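[1] the amino acid sequence is not available; the structure is as follows:
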């Protein structure tokens, strides 16, 4: 039996995953990856103590330099370029199922387990990634850019679990996760991303006009990087109808806004996709999700050497460059994932 390394964050999900593996008789070791500049020593000691009580070997893996290079720095550069990046979708292929998986293999583990809510199932052409059972916690969207071959060494113990069931099971065992809280959406940003960028001394664009499509100036913005496409709240503009961000004019430092119909798109173009299922094996009808917490909706998707073209059957909220477009089958299989490059306003 191959040893399985479980990545412990300190939260309920990875702790429950550890318990499930151990109770199933797996040969388990636990690892905690350091991503942030200042390690949480109290958390590490809590994890060490928990693993000791469970008689599970524990190790700490330092990936701080790699995390800065492959996740944080690209996140900052993307904002400087006017994009709205998704650092979690970048971390999973590069760090968690990239370098961390490689590191635990060097420590003698054949596979890496995590607390993600997602499923893996065998198909004739290889492993397939599916949504987890809990629709409120499903994390397959963030996993859509992990290369398919990596999943052959991955285990998701919570595939058929719900968050409520995890909480109940831990309570019944009298166990409290060492972190004592849920992790925030972006682990390296403790509060507001704007404060994070300012704190790093990042030079970002300054104030400028907010303008309608016809050029009329209706207000002032504090920097284009403060805003995302489709945004409605926080514009500080009083108008006869709600206004949404429809674009960014970087040359003129103008934030473009308009009524809701102007904040809609007919599709998007992506960077080169990560194909989790060969396109020739895709069903005739697919669904596309362009942001987390969004319900995937039908779309027409074509793949070429440079990227994917996604065409919606009708206008939808404008996709945001820098986010991920994940392609699904109707039964929840993840077919592909790619970073959105631009919205399409013509089919």
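    All right, it came through fine. Quantities reported herein were computed from a predicted structural model and do not represent experimental measurements.

[2] which other residues reach the one helix or strand in the chain whose mean pLDDT sits lowest?
    Ranked by mean pLDDT, DSSP states H and E, the weakest helix or strand in the chain is helix 193-199, scoring a mean of 78. Contacts with helix 193-199, where a contact means C-beta atoms under 8 Å, 6 or more residues apart in numbering, come from 76, 79, 186, 188, 189, 190, 204, 225, 226. All C-beta atoms are positioned from the backbone trio N, CA, C, and that covers glycine.

[3] count of neighbours near the first one?
    In other words, residue 76. 18 (other C-beta atoms under 10 Å).

[4] now the second one
    Other residues within reach of residue 79, judged by other C-beta under 10 Å, total 21.

[5] need the pLDDT of the residue of the chain positioned farthest from its centre.
    Distance from the C-alpha centroid of the chain peaks at residue 216, with 37.0 Å (C-alpha atoms, centre = their mean). For residue 216, the pLDDT comes out at 96.

[6] just residue 91 next, same as before
    Predicted confidence (pLDDT) for residue 91: 94.

[7] list the contacts for it?
    Residues in contact with residue 91 (C-beta under 8 Å, 6+ apart) are 67, 70, 71.

[8] now, those residues that are in helices?
    residue 67 (DSSP state H).

[9] save the contacts of residue 91 as TSV, and put in distance to residue 141 and neighbour count too.
    Below are the contacts of residue 91 laid out as TSV (distance: C-beta to C-beta, whole Å; neighbours: other C-beta atoms under 10 Å):
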residue	distance to residue 141	neighbour count
67	21	24
70	20	18
71	17	22
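
[10] can you give me phi and psi for the residue farthest from the centre of the chain?
    The phi/psi pair for residue 216 (degrees, to the nearest 10) reads phi -60, psi 130.

[11] what separation is there between it and residue 260?
    Residue 216 sits 18 Å away from residue 260, going by C-beta to C-beta, to the nearest Å.

[12] cool, and residue 131?
    Distance of residue 131 to residue 260, given as C-beta to C-beta: 29 Å.

[13] quick check: buried residues in the least confident helix or strand of the chain?
    193, 196, 197 (16 or more other C-beta atoms under 10 Å).

[14] now swap in stretch 306-321 and tell me
    For stretch 306-321, by 16+ other C-beta under 10 Å, it's 307, 308, 309, 310, 312, 316, 317, 318, 319, 320, 321.

[15] which ones are touching the fifth one?
    Right, residue 312. Residue 312 makes contact with 265, 266, 267, 288, 297, 298, 299, according to C-beta under 8 Å, 6+ apart.

[16] contacts only, for the fourth one.
    The reference is to residue 288. Shown in contact with residue 288 (C-beta under 8 Å, 6+ apart): 296, 297, 298, 299, 301, 310, 312, 325, 326, 327, 328.

[17] now it: which helix or strand?
    Secondary structure assignment for residue 288, by DSSP states H and E: strand 286-289.

[18] what do you get for the second one?
    Remark: residue 266 resides in strand 264-270, with elements defined by DSSP H and E.

[19] mean confidence for whatever helix or strand comes next after that strand?
    The C-terminal neighbour of strand 264-270 among helices and strands, as given by DSSP H and E, is strand 274-275. Mean per-residue pLDDT for strand 274-275: 97.

[20] show me what strand 274-275 is in contact with.
    Strand 274-275 has contacts (C-beta under 8 Å, 6+ apart) with 93, 144, 145, 146, 147, 148, 303, 335, 336, 337, 338.

[21] can you confirm the first one is in a helix?
    Read that as residue 93. Yes - looking at residue 93 with DSSP: H, G, I helix; E, B strand; the rest coil, it is inside a helix.

[22] what sits against it?
    With contact taken as C-beta under 8 Å, 6+ apart, residue 93 is in contact with 145, 146, 147, 150, 274.

[23] please repeat the previous calculation with a cut-off of 10 Å.
    Counting by C-beta atoms under 10 Å, 6 or more residues apart in numbering, residue 93 touches 70, 142, 143, 144, 145, 146, 147, 150, 274, 337.

[24] now the fourth one
    Listed by C-beta under 10 Å, 6+ apart, the contact partners of residue 146 are 89, 92-94, 96-98, 101, 118, 129, 154, 274, 276, 334, 337.

[25] any idea how far it is from residue 165?
    In terms of C-beta to C-beta, residue 146 sits 25 Å off from residue 165.

[26] kindly report the same for the first one.
    Taking C-beta to C-beta as the measure, residue 93 falls 28 Å from residue 165.

[27] how about the secondary structure of residue 151?
    Following three-state DSSP, the label given to residue 151 is helix.

[28] for it, give me its contacts.
    Contacts of residue 151 by C-beta under 10 Å, 6+ apart are 97, 118, 120, 126, 127, 128, 129, 143, 276.

[29] list the beta-bridge partners for the third one.
    If I follow you right, that is residue 120. When assigned by DSSP bridges, residue 120 has beta-bridge partners residue 129.

[30] so it touches residue 152, yeah?
    Yes - using C-beta atoms under 10 Å, residue 120 is in contact with residue 152, at 9.0 Å.
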